[in-house]
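S.K.: predicted model and sequence below, questions to follow.
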Amino acid sequence: MVAAQDLKLGAFFFGGVEMTDAGAGAPNPMDRRYSNEECWKATVDYVNSAIEAERLGYDSFWTTEHHFQYEGYEVIPNGILISTWIAAQTTRLRFGSMFNVVPQWNPMRLAEDFATLHNLSGGRAMLGVGRGTVPREVLHLNDKGVSIGSQDNPDQQAADAFNREIFEESMEIVRRALTQETFSFHGEHFQLPLPGIPDRGSTVQDLTLIPRPLYPFEIWQAVTSPPTLDYVPVVDHGAVFWNQHYRFIERFWNTYAENYTAAHGVELEPHEKRMLVVSVRIEDTMEEARASALPGHDEFWKFLGPYGWSRGYMGPDGKPSAPGLIPTLDESIENKTILVGPPEKVAEEVQFLKDLLGFESLTIFPHLLGDSYKQADEQMARFKEQVHPLLT
C-alpha cells in the first residue's frame, strides 16, 4: 500500500471563464459568447493557478487542449505551449495535458513540440493523449476528415472507428519519433517518409526527429471504453480513469494490470501506470459543500452530457447508464465521481478509493465549471492542507 506521504498529487483545470450564471437550465451554452479579453484573463488566471499548485506542494498540474469555444468552457488551445510558459515560472512542478487531442495534430509536430517542452523544463513534462470530444474542434484541425463518435451512439460508430485508426497510427509515429534515432512508418493512413522525395542526390528513406527527449518521459491516455482498455497497456501508456462509477473503475483498473502482464510478462503493483482523477468540493459543512458544488456540477453536465460522458455512471441495474443521462449532484456523489463535504468526509471518500484501487497518482479537479480561479485555488489549498494529512 502506498503511504499517503508518497502520493503523487495533481490538479486538473479545464481552463474556463468565470460564469455568474452557471447551473442547470438557461442559458443554453451556445447562447453565451465571452469576449477575447475575458478568455485571455482566464488564461492568465490559469497560469497563476499552476504557480499556486507548485507553491502548495502539488506534484503536477494538468492542462487541456480545446478550440473555438466562445461559450467559455475551455479556452486553452495548446496545453504544450501554455505549459512552456508555466515551466519558465516554476522549478519543480510537472505538467501534462488532459489531453492533447492526437487526431487534431500532425503526429510529428506533436512529438517535436512535446520534446521541446520536456527538454526546456528539465524533464518535467508528461505526454497526455486522447481521441477528442468535440466534432467542431476535430473536424477543423485535421486534413483527413476525422471526427469523434462514441460506442454509445450507433450512428457515430464509423466516425469513432476512423478516429481510433488515425489515433493509433499517429501514436505509433509519435513513439518511434521520440525514441528512435531514425524512423519510418508505413500504415493505412500515414506514409513516412513519403516515397521518392529527392534529397542531395538520393531519396529520403527515413526521418530523424530533432529534438528528441533528453530525459525519460511518460505517456498517459484517457481510458473510458473496452477497446481503449485493450490498447493502452499493450503500447505501455499509463491509464487515466475519470468520471466513472468506482466499481467500473475498479474493474478497468484491474483489467489494465491483467492486459499489461499478458502483453509484457510483467506483473504490476496496484499503483503502477494508473491514475485516478476525481472532482472535489470541500467546505466547512456538507450543506455548504453541496450548495457550492451544485452550479458547477450542473454546468459541467450541461456542457458534456450531449457528448455521452455519463456512460461511465451506473444505472439501477448495475450496468452502465443509457446514453444521454444528465446526472444529478446526488447521482454523482453516489457514483463517487465528485467528493463533496467537509475535509473529514472528503478524506474518508478518498481513503475508500485509495484502499479500493491502491493508487499512487491522484489528480483532483477543483475548478468546477464557472468557478472563479480564486475559488479553485482555495480548493487546492484545502485538499492539500486539510484532506491529504488525514489519509493513511
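M.R.: Good, I have the coordinates. From a predicted model like this one, the values you see are computed outputs, not experimental measurements.

S.K.: CA only for contacts and neighbour counts going forward, please
M.R.: Noted.

S.K.: can you tell me the element the nearest residue to Ala42 once chain neighbours are set aside falls in?
M.R.: Nearest non-adjacent residue to Ala42, counting by C-alpha to C-alpha, 6 or more residues apart in numbering: Val17, 5.4 Å away. According to DSSP states H and E, Val17 maps onto no helix or strand at all.

S.K.: ok, Val17 touching Gly72?
M.R.: Yes: Val17 is within contact range of Gly72, at 5.1 Å (criterion: C-alpha atoms under 8 Å).

S.K.: how about the most centrally placed residue in the chain, phi and psi?
M.R.: Geometric centre of the chain, nearest residue: Met98, 2.4 Å, by C-alpha atoms, centre = their mean. Taking degrees, to the nearest 10, you get phi -110, psi 80 for the backbone angles of Met98.

S.K.: got the contact list for it?
M.R.: 12, 62-65, 128-130, 222 (C-alpha atoms under 8 Å, 6 or more residues apart in numbering).

S.K.: quick check: Leu141 is in a strand.
M.R.: No: counting by DSSP: H, G, I helix; E, B strand; the rest coil, Leu141 is not part of a strand but coil.

S.K.: skipping adjacent residues, who's closest to it in space?
M.R.: Nearest to Leu141 is Gln104, by C-alpha to C-alpha, 6+ apart, at 5.0 Å.

S.K.: quickly find the element holding Phe241.
M.R.: strand 238-242.

S.K.: which residues are in contact with that strand?
M.R.: With contact meaning C-alpha under 8 Å, 6+ apart, strand 238-242 is reached by 218-224, 232-233, 249, 256, 273-278, 337.

S.K.: among those residues, which ones are buried?
M.R.: 219-224, 232-233, 249, 256, 273-278, 337 (16 or more other C-alpha atoms under 10 Å).

S.K.: same for the lengthiest helix in the chain, what does it pack against?
M.R.: Taking DSSP state H as the criterion, the chain has its longest helix at helix 157-179. Using 3 or more C-alpha pairs under 8 Å, 6 or more residues apart in numbering; DSSP states H and E, the elements in contact with helix 157-179 are helix 107-120.

S.K.: any stretches of the protein with poor pLDDT?
M.R.: 149-155 (pLDDT under 70).

S.K.: ok, which stretches of it are helices?
M.R.: Under DSSP H, the chain gives helices at 36-56, 79-88, 107-120, 135-138, 157-179, 226-231, 246-264, 286-304, 329-335, 343-357, 373-382.

S.K.: got the buried residues for the fifth one?
M.R.: Neighbour-count burial for helix 157-179, counted by 16+ other C-alpha under 10 Å, picks out 159-171, 173-178.

S.K.: now stretch 321-330
M.R.: Buried residues in stretch 321-330 (16+ other C-alpha under 10 Å): 321, 323-327, 329.

S.K.: possible to save the residues you listed as TSV with distance to Ser83?
M.R.: Output for the buried residues of stretch 321-330, formatted as TSV (distance: C-alpha to C-alpha, whole Å):
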residue	distance to Ser83
Ser321	36
Pro323	34
Gly324	34
Leu325	34
Ile326	32
Pro327	33
Leu329	32
